[in-house]
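# Next one to model:
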Amino acid sequence: MDIVIGIGEYAFSNRKIDKLKTFALSSCVAITAYCPKKTVAGMVHIALPSPGCNGDALTRPGYYATTGVPILINAMRSQFGCVQSDLNIQLYGGAKSIRNDVFNIGERNIEVVKAILAKLNIRSAKEDLGGTRSRTLEMDVETGNIRVFSQPLQI
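This next block holds a predicted model:
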């Protein structure tokens, strides 16, 4: 069964028939986690590095790197019993999506995600980041394999 992860959402599965999917990552960053020993997959679709002062992080924690990355790692450990050192972490997205992007959202998303992972003493096994292309991901829960479909962005 396909489990679609929208912007600011996250999902997990230990059902071998499932596929986790997220569409059209441009400046957003998707972080995937796979535990081969438990056959568990997780994904979060990050939109922004951190929340403002509006309290949105409480209602949409997957939307921000500062809250979404810890949710992904903690859920893999606490809900599914994965050992952190067994997790295969991969990063996708963070593209430059608009011309003259003064906020550099893609670059900032990448920077914050990597800083959080470093604080957690986690290294990514694979990265497909930056550039000027949109990425759609499909993660197979049984194998942890990720297929990437991409298109150039019109910037």
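
# For the helix or strand that Tyr92 is a member of, list every residue counted as buried.
Here Tyr92, judged by DSSP states H and E, is contained in strand 88-93. By neighbour count on 16 or more other CB atoms under 10 Å, the buried set for strand 88-93 is 89-93. Where C-beta positions appear, they are placed from N, C-alpha and C, glycine not excepted.

# Show residues contacting it.
Residues outside strand 88-93 that contact it (CB atoms under 8 Å, 6 or more residues apart in numbering): 25-36, 106, 109-110, 113-114, 117, 122-129, 135, 137, 144, 146, 148.

# just the buried members of these?
25-35, 106, 109-110, 113-114, 117, 122, 124, 127-129, 135, 137, 144, 146.

# now the residue sitting furthest away from the middle of the chain, what's its secondary structure?
For the chain, the largest distance from the centre (CA atoms, centre = their mean) belongs to Asn100, which lies 24.8 Å off. On the three-state scheme (DSSP: H, G, I helix; E, B strand; the rest coil), Asn100 is labelled coil.

# What pLDDT is listed against it?
Asn100 is assigned 71 on the pLDDT scale.

# likewise Ala118?
pLDDT, read off for Ala118, is 97.

# ok, back up a step: separation between the residue farthest from the centre of the chain and Thr66?
Computed as CB to CB, to the nearest Å, the Asn100 to Thr66 distance reads 26 Å.

# So which of the contacts of strand 88-93 belong to helices?
Under the assignment DSSP state H, these contribute 106, 109-110, 113-114, 117 to helices.

# can you list those residues in a markdown table and add distance to Phe12?
Listed next are the ones in helices among the contacts of strand 88-93 as a markdown table, based on distance: CB to CB, whole Å:
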| residue | distance to Phe12 |
| --- | --- |
| Gly106 | 25 |
| Asn109 | 21 |
| Ile110 | 23 |
| Val113 | 18 |
| Lys114 | 22 |
| Leu117 | 18 |
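
# any idea which of those is closest to Pro152?
Gly106 (14.6 Å; CB to CB).

# thought that closest one was touching Gly130?
Yes: assessed by CB atoms under 8 Å, Gly106 is found in contact with Gly130 at 6.8 Å.

# Need the residues touching each of the two.
Joint contacts of Gly106 and Gly130 (CB under 8 Å, 6+ apart) are 94-96.
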